[in-house]
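Colleague: Predicted model follows, preceded by the sequence.
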Amino acid sequence: MYSDDTLLTRCQQAGTLVPGGAGTRKRGPTIRRIAITAAAVLLAALAAAVPGQAARPNVVVVMTDDQDFRSMHAMPKTRRLIARRGTTFSTSVVSFPLCCPSRATYYTGQYAHNHGVKWNNAPTGGFYKLKQRETLPVWLQRAGYRTIHIGKFLNETGERDATEVPKGWDDWHGGVDPSTYDYYGYTLNHNGRLQTYGRGPEDYSTDVYAGLAEKAIRDAKRKGKPFFLNIAPLAPHTEAAASQARVEGTPALPAPRHADRFAQTPLPRYPNFNDPDISDKPAIEEYFPEPMTEDQIASLTDHYRGRMGSLLAVDDLVQRVVRALKRAGAYGNTDIVFTSDNGWILGEHRLRDPLSHDGRAVGVKYVPFEGSSRVPLMAAGPDFPAGNKVKGIVVNADLAPTIADIAGARPKLPQDGLSLLRVLSKPSLLAGRGVLLETFENPRGVSPYKSIRTERYRYDLAETGAEGLFDLKRDPWELQSRHDDPRYAEIKRILKRKLARLVDCEGRDCRVKVGRLPRP
């Protein structure tokens, strides 16, 4: 490497700078400053050219709220810009299908029985239950990343102190709960400064978040550090600020420009919709002994239309983020991840939530069924091969170790998940894998359960002793539980034994291999 003075001499010799003579003596300091600036630029270029010293990738995560895996048809831009350009994980589940516990898993790489956030609200859950000193953004900060958050965080964030900035974030634009659950009129905490937005078209939350993301990308690029940008729109969650997000609200609101796109679209009637016989599912039959009424179906239809319409603005957000990365010259060195915190069921197996802000039927999460526990997951960028589809089961506990792996950060918590970068280089890591779904005692009085999910099977065991066993290869709509079928007895026995290993696992012990199961 050259010293600044040596570089100054070389620049002068090359004619880049004119030596100060009698007629330029007063400008000497200015010329020297220019030379030193040029030297710094050249030093940076030389450093970047050193083998093995390539810049670490930036990471952008877009996490929607309550988006089921079957809804990606509403997002063609995201499918083109991320899925087609990168890698799709065909079977991605969340370990606790509820907003706050799921997001805590994302930020810690741990199952809920380890991170301790076991519900959306205090005393067993919520923002203040999260141990902030050791989370993904903290690890990334330690690794030299600039960390940026925009949108929703964990339930109850800001309810005690609206100006609080959670640990680990350099640039914070977080929703202040419960206003986060309104598409208009919400308050954002901009690094300790509060701003309440209006109710004009320009205030639509997803679009505001997109604008903040564009600015954050420009600013982060100028800082000269790799960055981690976390964008968490409300869509397609219900509008639930009026109930303080303690119960589900009214249908999600599309942006004004999208208000008519799904306004007349019928609710999908999947093969398991309003299932006429759920006697094989004793854990839910007691709650829903009768099929849905026409009014309940009409309410769920309104929710479906609002949900799909609201995702169109998220699709635009993804496009704007990609465009901003390109303009900043960061696109080629940025990994972009798209996923959701959990799904939402609208009438599958008769499932609907009778407790809502307006008293009408709304959708359901929390349960282990596919519509609730399975979410989209796709990623594009230098670490994710284009046009790649990964089979096998992955879980949201894999997100933190994956991002830490990308950044060269070191998690200071035992990681229950595994890095998906390792999976890309060694797909056999997913062969025979079993992951945990778990819930706990809750104020709604819904029976907790534990489940083990493999690529093909899911075995459920409720606290009441009710069981479920679904062969998702032969029965993707979960129409018939096989827990009492003698042909599946050995499969059930193995899965039940493996589940017992997962329920209190930690770190590497959570990487349970079920192995090859016998044919039913």
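Modeller: In hand now; what should we look at? This structure is a prediction, so every number in the text was calculated from the model and none was measured.

Colleague: For the closest residue to Leu355 other than its chain neighbours, which residues are in contact?
Modeller: Closest residue to Leu355 apart from its sequence neighbours, by C-beta to C-beta, 6 or more residues apart in numbering: Val247 at 5.3 Å. Bear in mind the C-beta positions are built from the backbone N, C-alpha and C, glycine included. Contacts for Val247 (C-beta atoms under 8 Å, 6 or more residues apart in numbering) come out as 240, 353, 355-357.

Colleague: how about 6 Å then?
Modeller: 355-357 (C-beta atoms under 6 Å, 6 or more residues apart in numbering).

Colleague: Pull out the buried residues from the residues you listed.
Modeller: 356-357 (16 or more other C-beta atoms under 10 Å).

Colleague: and the contacts of Val247 as a markdown table, adding distance to Asp398?
Modeller: Putting these into a markdown table (distance: C-beta to C-beta, whole Å) gives the following:
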| residue | distance to Asp398 |
| --- | --- |
| Leu355 | 32 |
| Ser356 | 33 |
| His357 | 34 |
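
Colleague: could the contacts of Val247 be laid out in a markdown table, adding pLDDT, secondary structure and distance to Gly86?
Modeller: Below are the contacts of Val247 laid out as a markdown table (pLDDT from 0 to 100; DSSP: H, G, I helix; E, B strand; the rest coil; distance: C-beta to C-beta, whole Å):
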| residue | pLDDT | secondary structure | distance to Gly86 |
| --- | --- | --- | --- |
| Leu355 | 89 | coil | 39 |
| Ser356 | 92 | strand | 37 |
| His357 | 89 | coil | 38 |
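
Colleague: Name the SS class of the nearest residue to Asp171 once chain neighbours are set aside, please.
Modeller: Ranked by C-beta to C-beta, 6+ apart and with sequence neighbours excluded, the top spatial neighbour of Asp171 is Ile148, at 4.3 Å. Three-state call for Ile148 (DSSP: H, G, I helix; E, B strand; the rest coil): strand.

Colleague: how many neighbours does Ile148 have?
Modeller: 24 (other C-beta atoms under 10 Å).

Colleague: Identify the residues contacting it.
Modeller: Applying C-beta under 6 Å, 6+ apart to Ile148 gives the contacts 171, 216, 229.

Colleague: 7 Å instead?
Modeller: For Ile148, the contact set (C-beta atoms under 7 Å, 6 or more residues apart in numbering) comprises 170-171, 216, 220, 227-230.

Colleague: per-domain residue ranges of this protein.
Modeller: Here the domain assignment for the chain is 4-49, 58-381+392-430, 433-513, based on automatic domain parsing.

Colleague: for stretch 184-193, how far is the first residue from the last?
Modeller: Chord length of stretch 184-193, first to last residue, is 18 Å (C-alpha to C-alpha, to the nearest Å).

Colleague: Now do it: everything it contacts.
Modeller: The contact list for stretch 184-193 (C-beta under 7 Å, 6+ apart) reads 158, 162-163, 165, 171-176, 179-180, 194-197, 199, 203-205.

Colleague: Gly507 against Leu413, yeah?
Modeller: No: with contact defined as C-beta atoms under 7 Å, Gly507 and Leu413 do not form a contacting pair (8.4 Å).

Colleague: Neighbour count for those two, which is higher?
Modeller: Higher neighbour count among Gly507 and Leu413: Leu413, with 20 against 14, using other C-beta under 10 Å.

Colleague: Pull up the per-residue confidence for the closest residue to that one other than its chain neighbours.
Modeller: Computed as C-beta to C-beta, 6+ apart, the closest residue to Leu413 that is not its neighbour in sequence is Glu134, at 5.2 Å. Glu134 carries a pLDDT value of 98.

Colleague: Equivalent analysis for Ile36, please.
Modeller: 35.

Colleague: do Glu156 as well
Modeller: pLDDT, Glu156: 98.

Colleague: ok, how many other residues are close to it?
Modeller: 21.

Colleague: next one: Gly125
Modeller: Quick note: Gly125 (other C-beta under 10 Å) scores 27 neighbours.

Colleague: OK, contacts around it?
Modeller: 100-101, 117-119 are the contacts of Gly125 under C-beta under 7 Å, 6+ apart.
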